[in-house]
Every structure is written in structure tokens, then in C-alpha cells.
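Participant: Need a 3D model of the sequence below.
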Amino acid sequence: MAHIPIIEKSTHKTYAWLYDIENNMGWEEGNEGRALSLLKTTLHRLRDNLLLNDLAHFAAQLPTLIRGILYESWNPDHTPVKDRKKGEFLASAMYDLPESHKDIDIEEGVRAVFKTLYYRIDPMEIEKLKKVLPESIRELMP
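Facilitator: Sure, this is the predicted structure:
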């Protein structure tokens, strides 16, 4: 089987992000599936709170595989969501977790993903995100 560098590089970066989330949660290695669930639900909630232009700029910062996760099942006609408060953000994130991962403290998990974003993407993009997100959701960011 041929090795395609862009796919291998994106896969490697994605695992690095998952390991960061594991570390931020205080988990041992081997929890990549749980970290992926947190990453996916947090990205989807974030995506649903951004206007199209802001989302495009944010998505451009992500590794290819993670960008695909961000856009998975997205319907732009339903975004941005009207109720943009921290409680609704966290409740939606918890709802989307698989049943086997419902024991995760969702606020801690979202904070772990935001911390990973903070260290993995352009700091200027983080500042742009902070400007366009409601204050109550910004509270979850480092």
C-alpha cells in the first residue's frame, strides 16, 4: 500500500491533538477514543456558534483530518444557533457524547479541548474566536 504524506501527516497531527486532550484531562494513554469524542463534540458545538466566515478562518487552522471532523454532519442552514450560552453549549456537547463516554465531566472536557486548541493553532485565530463567541462560552477558554 502506498503511503500518502498528507494523510500520514494529518493522522500524526490528529493523534498529537488526542494525546494533548488526554493529558489535559489527566488520563493515561489509551483513552484516544474518549479524547476523540470530546474533540468532536466540542468542535461541533463551536462550529454551530460561529458565522460562516469565522468558521472558515478557524477551520483553515486545523489539520486536514480534524477539519473533516469539524464539518461532519454540518448543516449551515442551522447555524449559528440562537441560544448561545455556556449552559446550552455544554448540554449539547454532553448530549452528543456516545453513551459509553457520558461519565466524562463535560465542562472539564470542553476546557481540555479548548486548551489544546489554544496551544495548537495560531494565537491570533484564538483571539478572533474570543471576539466572536459569547462571553459565557469564552469563559471555557484558557
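
Participant: Show the pLDDT at the residue nearest in space to the middle of the chain.
Facilitator: Centroid check for the chain by CA atoms, centre = their mean gives Leu43 as the closest residue, at 3.0 Å. At Leu43, the model reports a pLDDT of 98.

Participant: element containing it, please.
Facilitator: For Leu43, the host element (DSSP states H and E) is helix 32-48.

Participant: As CSV, could you dump the C-alpha coordinates of stretch 13-24?
Facilitator: Provided in CSV are the C-alpha atoms of stretch 13-24 (Å, rounded to 0.1, in the frame of the first residue of the first chain):
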residue,chain,number,x,y,z
LYS,A,13,-1.1,15.6,14.0
THR,A,14,-4.6,14.3,15.0
TYR,A,15,-3.0,11.7,17.4
ALA,A,16,-0.9,14.5,18.9
TRP,A,17,-4.1,16.5,19.5
LEU,A,18,-5.8,13.5,21.1
TYR,A,19,-2.7,12.9,23.3
ASP,A,20,-2.9,16.6,24.4
ILE,A,21,-6.6,16.2,25.3
GLU,A,22,-5.8,13.0,27.3
ASN,A,23,-3.0,14.9,29.2
ASN,A,24,-5.3,17.9,29.8
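
Participant: Pull out the buried positions in it.
Facilitator: For stretch 13-24, burial by neighbour count (16 or more other CB atoms under 10 Å) applies to 13-14, 17-22, 24. In this view, the C-beta of every residue, glycine as well, is placed from N, C-alpha and C.

Participant: Look at Leu55 and report its pLDDT.
Facilitator: Per-residue pLDDT puts Leu55 at 95.

Participant: Next, the contact list for it, please.
Facilitator: 47, 79 (CB atoms under 8 Å, 6 or more residues apart in numbering).

Participant: Could you tell me which ranges of this protein sit under the pLDDT cut-off?
Facilitator: Within the chain, not a single segment meets pLDDT under 70.
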